[in-house]
Structures are given as C-alpha cells and as structure tokens.
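1. A structural model of the following input is requested.
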Amino acid sequence: MTIYLPIAELSVNIFIILGMGAAVGFLSGMFGVGGGFLITPLLIFYNIPPVVAVATGANQVVASSVSGAITHFRRGTLDMKLGFVLLAGGLVGATIGVVIFSWLRRLGQLDLIISLLYVVFLGTVGGLMLVESLRAMRRAARNETISLKRPGQHNWVHRLPFKMRFKKSKIYLSVIPLIALGFAIGILTSIMGVGGGFIMVPAMIYLLRIPTNVVVGTSLFQIIFTTAYTTIVQAATNFSVDIVLAFVLMVAGVIGAQYGVRVGQKLRGEQLRALLGLLVLAVGVRLAIELVLTPDDIYSLAIGG
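-> The predicted model follows:
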C-alpha cells in the first residue's frame, strides 16, 4: 500500500514508514533519546530528500518524546525546573539553527553538511558510549567496586557562578552549563533534525553529574518543546515539513515509545548504554559508507527555479 507525500513529492510504502516510526518510538522510550538521530538517516536511506527528512524527522521526535515524558512524569522521574532551564537555551539555539539551515540550503551544501555532521557526531558519541559501557560491564562481572562521583561532589562545572537548586534532582548547579547544553542541542535539532538526547543524556550524567533516574525524563521534556518549536519554524520559513509523512511517523512513534519505556526498565544502565552506543555507531558507519561510495547516477540534471 503506497501513499503520496506532497512535500517530498514521491510515493512510499506506508507499512515501511509505520515500521520506521514504531521502531524509533520504541528506542526513544527505551533509551530516553528523541530518536531523530535514527529517523532522519532512515528517511534519507529511503530516498526522502534530506531537507524534508530533517524537518519532518524533528516532528516525529515530538510525538515519541511526549509519550515517553508523560510516562516518566507519572513515575516522578522528571525534573520540570531543570527541564525549563535547558529549554531556555534550546529555543535560542533552535532559532539560530534554522537561520543556518536556510543559509546552507541557499548555498546548495545542506545535504553534504547534514551527512558529515551525522558521521562525526554519531561516530564520536557512539564510540565513547560503547567503550564506557563495556568497561562498566567488565567491572561488574569482576565484582569490582566502581568509584562514581556522587551528585554532591564537585568538578569544574560545579564551581561556575549563577547556581540554582534543583530539588527533584537533588543538585545545586550553575545554570551556565545547562543553558549552553540546551543551546547546542537546539542548533543540532534545527540542522540535523535530532532531538539531541544522544548527546544530552551522556552530558547530563557524566559532565553535570545529574542523577540517572531523572535524566531520561528531563531530557525528553526538553526535547518535546525544542523540536516542536523547530518544526513550526521550519514549516513557516523553509516549507519543508511533510504533514502526511509526519502524521504516519507520529502515530507509530507514540505506540512504540510506550513499549520502549517498559523494556528499558528491565535492563541495567550499562546494558542500555552499550546497546545505544552500538546503535549510534552503526548508523554513523552506514552514513559514512554512503558518503564514500560512488553513486549509481554520477551526473544529475536539475532545472533551476
């Protein structure tokens, strides 16, 4: 069964799109990431134009993130105050990111930049997460005591000014790194169509020392509003959001996220990080291969508008 996508200007198999949305929603709920790092490359692999894939992929992230965030809110594992501080930086970053996105599109370099950014970010983050999680599993197998810094202990981040107390997370932290992190995620959301959870979650755990139990829910909360804002701005400025594609992905993503949350609670933290690291790395490698392979059609013709 095929459906026509008016903005992407092509026909696709609806069951393949539903499968993509459900799979990404499942991973979103399981790992606490928006899933944009996966849905955007998948859409590109399925020959959806990168401009449409980025803008529409961000929309699908909203749906799966809402579903996962509601579940965490009910369970008391979402720090609203922390989420709003991250969101303040995220909205500013997203606005600047849309401007950069439009500029790159006018230059004709958008597709290349999107692919390169994915290869660099996914390869780096996936590799680091995989190495760290494998070390943690080896230590656990040998019954070694793992020396982790508790939330109350300080590193250079905790010596920064403009501190704020977050009672839910039980931390006293400067808003500067939080706003900076949100700002960076906002830019990535606009340019790459990602929620940014694959960067935000490790940064919150390892750099900011935020307790793991509230990281996933808080990350999803910030992702909801940043990606929703990005989708609206992209639709208004670049006309690149395909409503039909977005709706199909959204429906499947919401259902998949509910099951992902349940499965994620049954796995240990280092197992989750290892699986996410492998997934991120695999997508990065796949994109890198696409960049170096000779295309089927070496020459293409386009009529300038």
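
2. pLDDT weak spots in the stretch 51-200 of the chain?
-> Confidence mapping of the stretch 51-200 of the chain against pLDDT under 70 gives the ranges 58-61, 63-64, 144-159, 193-195, 198.

3. how about 50 then?
-> By pLDDT under 50, the low-scoring segments of the stretch 51-200 of the chain are 147-152.

4. just the strands in it please.
-> For the stretch 51-200 of the chain, the strands defined by DSSP state E, counting those that start in this stretch cover 163-166, 171-174.

5. for those, which one sits closest to T212?
-> Closest of those to T212 is strand 171-174, at 12.3 Å (criterion: CB to CB). Placement of C-beta: from N, CA and C, glycine included.

6. If you count neighbours, what's buried in the closest one?
-> Within strand 171-174, the residues scored as buried using 16 or more other CB atoms under 10 Å are I171, L173, S174.

7. and those as JSON lines, adding distance to L87?
-> Shown next, in JSON lines, are these (distance: CB to CB, whole Å):
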{"residue": "I171", "distance to L87": "17"}
{"residue": "L173", "distance to L87": "16"}
{"residue": "S174", "distance to L87": "17"}
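
8. From R139, how far out is L281?
-> L281 sits 21 Å away from R139, going by CB to CB, to the nearest Å.

9. Settle it for me: which of those two has more neighbours?
-> The neighbour comparison of L281 against R139 (other CB atoms under 10 Å) goes to L281, with 19 against 14.

10. So that one, which state does it fall into?
-> On the three-state scheme (DSSP: H, G, I helix; E, B strand; the rest coil), L281 is labelled helix.

11. That one contacts G126, doesn't it?
-> Yes - using CB atoms under 8 Å, L281 is in contact with G126, at 3.3 Å.

12. now the helices for this structure?
-> Counting by DSSP state H, the chain has helices at residues 14-31, 36-45, 50-74, 80-107, 110-141, 175-192, 197-202, 212-237, 243-264, 269-292.

13. So which of these is nearest P161?
-> Of all the helices of the chain, helix 175-192 sits nearest to P161, with 7.3 Å by CB to CB.

14. May I see the buried residues of that closest one?
-> 175, 177-179, 181-192.
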